[in-house]
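Chemist: next comes the sequence, and after it the predicted model I'd like to discuss.
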Amino acid sequence: MDPGYKVTVKNFPSSMSQSEFYSMFVRKGEVVKCEFKTNFGVVVFKTKASAQAAVKDLNGTKNGNMTLSVRYTTQI
């Protein structure tokens, strides 16, 4: 298990690059790990507050014609 606070990300545009994906989340706090596959990603933050900010600020937002789903992977 990765140390840190993990969120899963769904429904982002398939045209999004790895660096664009990372940039969305690094603005919320220190990212320990960032994995990205077709329409699914996992981001691990160093702090609980950063993970909470990502979910609060990014879940339900529009990115292109997609509505992002950002959720906690485990209860925090």
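Modeler: Structure's in. What do you need?
Chemist: with adjacent residues omitted, what lies nearest to residue 33?
Modeler: residue 44 (4.1 Å; Cβ to Cβ, 6 or more residues apart in numbering). No exception for glycine: its C-beta is placed from N, CA and C like everyone else's.
Chemist: so that neighbour: helix, strand or coil?
Modeler: Per DSSP: H, G, I helix; E, B strand; the rest coil, the local secondary structure of residue 44 is strand.
Chemist: quick check: beta-bridge partners of it?
Modeler: residue 6, residue 33 (DSSP bridges).
Chemist: I'd guessed it sits against residue 32; true?
Modeler: Yes - look at residue 44 against residue 32 with Cβ atoms under 8 Å: they come within range, at 4.4 Å.
Chemist: where does the prediction get shaky in this structure?
Modeler: 1-2, 74-76 (pLDDT under 70).
Chemist: can you pull out the strands in it?
Modeler: Along the chain, counting by DSSP state E, strands occupy 5-10, 31-37, 40-45, 62-63, 66-67, 69-72.
Chemist: could I get the ones you listed as a markdown table with mean neighbour count and distance to residue 24?
Modeler: Output for these, formatted as a markdown table (neighbours: other Cβ atoms under 10 Å; distance: least, Cβ to Cβ, whole Å):
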| stretch | mean neighbour count | distance to residue 24 |
| --- | --- | --- |
| strand 5-10 | 20 | 8 |
| strand 31-37 | 15 | 10 |
| strand 40-45 | 21 | 9 |
| strand 62-63 | 12 | 8 |
| strand 66-67 | 14 | 12 |
| strand 69-72 | 17 | 9 |
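Chemist: any chance of a markdown table for these, columns distance to residue 23?
Modeler: Converted to a markdown table, the strands of the chain look like this (distance: least, Cβ to Cβ, whole Å):
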| stretch | distance to residue 23 |
| --- | --- |
| strand 5-10 | 13 |
| strand 31-37 | 10 |
| strand 40-45 | 11 |
| strand 62-63 | 12 |
| strand 66-67 | 16 |
| strand 69-72 | 14 |
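Chemist: run the chain-centre distance for stretch 61-74.
Modeler: Offset of stretch 61-74 from its chain centre (Cα atoms, centre = their mean, to the nearest Å): 8 Å.
Chemist: then stretch 13-22?
Modeler: Taking Cα atoms, centre = their mean, one finds stretch 13-22 lying 11 Å from the centre of the chain it belongs to.
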